[in-house]
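Trainee: any chance you could fold what I've pasted below:
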Amino acid sequence: MSETTSLPERSRLVQEHLVEAGVDTTIRVLHDSARTAAEAAAAIGCDVAAIANSLVFLADEEPVLVMTSGGHRVDLTVLTASIGVTEVVMAPAAVVRSATGQAIGGVAPVGHPSRLRTFIDGALQDHDELWAAAGHPHTVMPLTFAQLLQITDGTVVAVA
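Mentor: Down below sits the predicted model:
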């Protein structure tokens, strides 16, 4: 998709952030939903492990973003130890929307009202090309691991 104006509003915000960060990628609009890693991988034609899921958790009651490989589930005990907090729980949908401005299933690594502390699953380094949601359940974008680090200023951790 080349024209930013034809993107959903939340995806346009993501695109603006990418441009400001100097990341050259193209947000793509999918005909089918990409709410889950499996749906996204099927629509894109990539390995599910190359999907960079954006999950919001409450870490000691503060929202954090965890970018994890679609190839496995986050182990909350491992994540809690990896990020050095006492407790990590999944954020409720209302918190996800408030913290990111985006709906579950379309949460991008960027484009949020304010920067979220971000943790990135080290397993994502195994892929030359990653695919992340782009602010809407029908939009995705390709990124390299280096670009994901750059745009999020994330910390690489173990999550599983």
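Trainee: the chain: helices as residue ranges?
Mentor: Taking DSSP state H as the test, the helices found in the chain are 9-21, 37-44, 76-83, 93-100, 145-152.
Trainee: the fourth one - contacts with which helices or strands?
Mentor: What that stands for is helix 93-100. Contacts defined by 3 or more Cβ pairs under 8 Å, 6 or more residues apart in numbering; DSSP states H and E place helix 93-100 against strand 51-59, strand 62-69. C-betas here are computed from N, CA, C, even on glycine.
Trainee: run me through the strand neighbours of the shortest one, direction for each.
Mentor: What that stands for is strand 62-69. With DSSP bridges as the criterion, the sheet partners recorded for strand 62-69 are strand 51-59 (antiparallel), strand 118-121 (parallel).
Trainee: how far does the shortest one sit from the chain's center?
Mentor: It refers to strand 118-121. In terms of Cα atoms, centre = their mean, to the nearest Å, the centre of strand 118-121 is found 9 Å from the chain centre.
Trainee: pLDDT on that strand, on average?
Mentor: When pLDDT is averaged over strand 118-121, the result is 98.
Trainee: who's in contact with it?
Mentor: By Cβ atoms under 8 Å, 6 or more residues apart in numbering, the residues outside strand 118-121 that reach it are 52, 64-69, 74, 79, 82-83, 109, 145, 148-149, 152-160.
Trainee: try 10 Å this time
Mentor: 49, 52-55, 57, 59, 64-72, 74, 79, 82-83, 109-110, 112, 130, 145, 148-149, 151-160 (Cβ atoms under 10 Å, 6 or more residues apart in numbering).
Trainee: can you go through those residues and name the buried ones?
Mentor: Buried members of these, counted by 16 or more other Cβ atoms under 10 Å: 49, 52-55, 57, 59, 64-71, 74, 79, 82-83, 109-110, 112, 130, 145, 148-149, 151-152, 154, 156-157, 159.
Trainee: residue 86 and residue 80 touch, don't they?
Mentor: Yes. The criterion here is Cβ atoms under 10 Å, and residue 86 meets it with residue 80 at 7.3 Å.
Trainee: these two: which is more packed in?
Mentor: Neighbour count, other Cβ atoms under 10 Å: between residue 86 and residue 80, residue 80 has more, with 17 against 8.
Trainee: the more buried one against residue 88, yeah?
Mentor: Yes. Contact between residue 80 and residue 88 holds when scored by Cβ under 10 Å: they sit 4.6 Å apart.
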